[in-house]
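Chemist: After the sequence you'll find the predicted model.
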Amino acid sequence: MFHAHPGLKNPEYYVPGLPADYVAQRYGIAPDDIAKLGSAENPYGASPKARAAVADALDRLHLYPPWTAEPLREKIADTYGYQPDQVVCGAGETEIISLVIRALCEPGGKVMMPAPCFPIYHLFAEAEGRMPVLVPDATLRPAMALDPEAYAAAIDPDTRIVFITNPHSPSGTWLEEAEVRRMVEAAPHALVVLDEAYVHYSDTPGYIHLAGEYEHLIVLRTFSKAFGLAGLRIGFGVAARPIIDALLAVKPTWNMGQLQIAGGVAALDDREHVARTVSTIVEARHHVQGRFGELDRFRMVPGSRSNFFLVEILDPDTDSTEVFNGLLERGVIVKDGAVSWRGLDDRFLRCDVNFTERMDRLVDSLADMD
């Protein structure tokens, strides 16, 4: 009988946020009455400029795209001050994470990450036969924020890859540039991956410029969030050319289609859409933080600079799964910490930041259980 390699003997799968139509059918709730707060999607939808560019590209569907997605590489390079050969594009940032682990860490090598973290880090490491090393002491209550000194101290001489997420997932907490540099400089022998998937919501330019200073650093970004292109699947990484060359050698030859390339190029010019999205999220984040003061059994973990935040359950007589299901019954979709993250126990939910009326729906539903 055929068997997969040992890393896939008992495979674990990523747990996405529930779709609204599932909740509508199961609980008999009208789709328009559902507050979907479990997938960190853009409340305004896709970039209008990207939508138009995708429509224009339909006549090219019969043509193979450039195998490196060269028009998109060139646009990214021009936007962020790099050369095209310092950019790699992928079908979402998640594909690039898989390429990084495959190309830049040997089988059995150590891949370090905080606990909790974006599950794809350890899922792909295990799937590729690498060794994920989750550092539980890197996140400290009550802030649930990465401790740069503790994390740097946990880097071993044989660590091959170090993941840093900023803003952090699932807490949304933010690292200052000096803190990021501290961790990068603590691992000169390893590849450091700075994941800036949610950086637009920090309302800062982020630290993509650091990829030009450190030869062992790659900075990752996605078009799924602020640009609203989660369904198109576009991500990229910026790094020194030897890193990019290694990634190009292992990526699927045509991993980016004509529509992805066209949509990504156009989205980078849609500053109005990004600015509108960020402004709405920042305002709603402030609004919901104020409203959590009305609750006794739930606490909004402070310090998020992302389009999501953690809710801590203070009542010892209930847990995250019970509250998660209670919210579903009320038409509110969030993520259950006990199911979605290693290292995040059954005391936490992750909730998106969305329009203020959806934030009110969340708080009112929690108050109904309070």
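Modeler: Okay, I see it.

Chemist: Give me the distance from the host helix or strand of T79 to the chain's centre.
Modeler: For T79, the host element (DSSP states H and E) is helix 70-80. In this view, helix 70-80 has its centroid 21 Å away from the chain centroid, taken as C-alpha atoms, centre = their mean, to the nearest Å.

Chemist: For that helix, buried residues please.
Modeler: P71, L72, R73, K75, I76, A77, Y80 (16 or more other C-beta atoms under 10 Å). C-beta here means a position set from N, CA and C on the backbone, and glycine is covered the same way.

Chemist: and K36, backbone torsions?
Modeler: phi -90, psi 110 (degrees, to the nearest 10).

Chemist: my guess is it meets I333, correct?
Modeler: Yes. Look at K36 against I333 with C-beta atoms under 8 Å: they come within range, at 4.9 Å.

Chemist: leaving aside the residues next to it on the chain, what's closest to the most centrally placed residue in the chain?
Modeler: What sits nearest the mean C-alpha location of the chain, by C-alpha atoms, centre = their mean, is A197, with 4.8 Å. Once flanking residues are discounted, A197 sits nearest to T222: 4.7 Å by C-beta to C-beta, 6 or more residues apart in numbering.

Chemist: Look up how far L63 lies from that neighbour.
Modeler: From T222 across to L63, the span is 26 Å (C-beta to C-beta, to the nearest Å).

Chemist: do A230 as well
Modeler: Relative to L63, and taking C-beta to C-beta, A230 is found at 25 Å.

Chemist: Now the terminal residues of stretch 164-173, how far apart.
Modeler: 12 Å (C-alpha to C-alpha, to the nearest Å).

Chemist: what about that stretch, average pLDDT?
Modeler: Regarding stretch 164-173, the rounded mean pLDDT is 96.

Chemist: again, but for stretch 140-150
Modeler: Here the average pLDDT along stretch 140-150 is 85.

Chemist: Now do it: everything it contacts.
Modeler: 114, 135, 137-139, 164, 168, 171, 173, 175, 179-180, 182-183, 299, 301-303, 310, 312 (C-beta atoms under 8 Å, 6 or more residues apart in numbering).

Chemist: how many other residues sit next to the closest residue to Y27 other than its chain neighbours?
Modeler: Distances taken as C-beta to C-beta, 6+ apart place E329 nearest to Y27, at 5.9 Å, with adjacent residues excluded. The tally of other residues near E329 (other C-beta atoms under 10 Å) stands at 14.

Chemist: Next, E329: phi, psi?
Modeler: Dihedral angles for E329 - degrees, to the nearest 10 - are phi -60, psi -20.
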